[in-house]
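Asker: next input, structure requested:
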Amino acid sequence: MSQEFKHVRVRHDGGVVEARLLDRHILDELVIREIGEEVDRVVADAPSPSMILDFADVEHLSSSALGMLITLNSRLQDREGGLCMINVCDSICEVFRITRLDKVLSMAEDYASARAELLGDA
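Answerer: Numbers count the residues shown, from 1 in each chain. I've put the predicted structure just below:
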């Protein structure tokens, strides 16, 4: 099953929610709030609490967006699931390293690696 929102394209595959962020620049507070609401809707309705978040199209991310990611990760963990991000560009990876969020938020190279990590097959 596939869904498309304004900022996120979602696909449910094998017990994992695959969500691709569609914005190149996630900087504006309104956009961040809308992404959070769209992802919350998906998480609330999803039979699985595990999500792969694809950053392939994202070039810039504000610090406010980091808070949204931390909240999403916590919600998924509260449901005994997890969040794994893929296709994160080097500049955003550096932000995660500097803020030490790389210790809190999981990242993988691709969908297969992320799926293995989330489902415990890593």
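
Asker: which intervals of the chain have sub-threshold pLDDT?
Answerer: Low-confidence regions of the chain, defined by pLDDT under 70, span residues 1, 48, 121-122.

Asker: rerun at 90
Answerer: Residues of the chain meeting the criterion pLDDT under 90: 1-4, 12-15, 40-49, 63, 78-81, 119-122.

Asker: and the strands in it, which stretches?
Answerer: With strands called from DSSP state E, the chain shows them at 2-4, 8-13, 16-21, 25-26, 50-54, 60-61, 82-86, 106-108.

Asker: could you dump those into a markdown table with distance to Phe96 and mean neighbour count added?
Answerer: Every residue, glycine included, has its C-beta placed from N, CA and C. A markdown table is the format used below for the strands of the chain (distance: least, Cβ to Cβ, whole Å; neighbours: other Cβ atoms under 10 Å):
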| stretch | distance to Phe96 | mean neighbour count |
| --- | --- | --- |
| strand 2-4 | 27 | 12 |
| strand 8-13 | 20 | 17 |
| strand 16-21 | 15 | 22 |
| strand 25-26 | 14 | 18 |
| strand 50-54 | 13 | 24 |
| strand 60-61 | 9 | 18 |
| strand 82-86 | 9 | 23 |
| strand 106-108 | 7 | 19 |
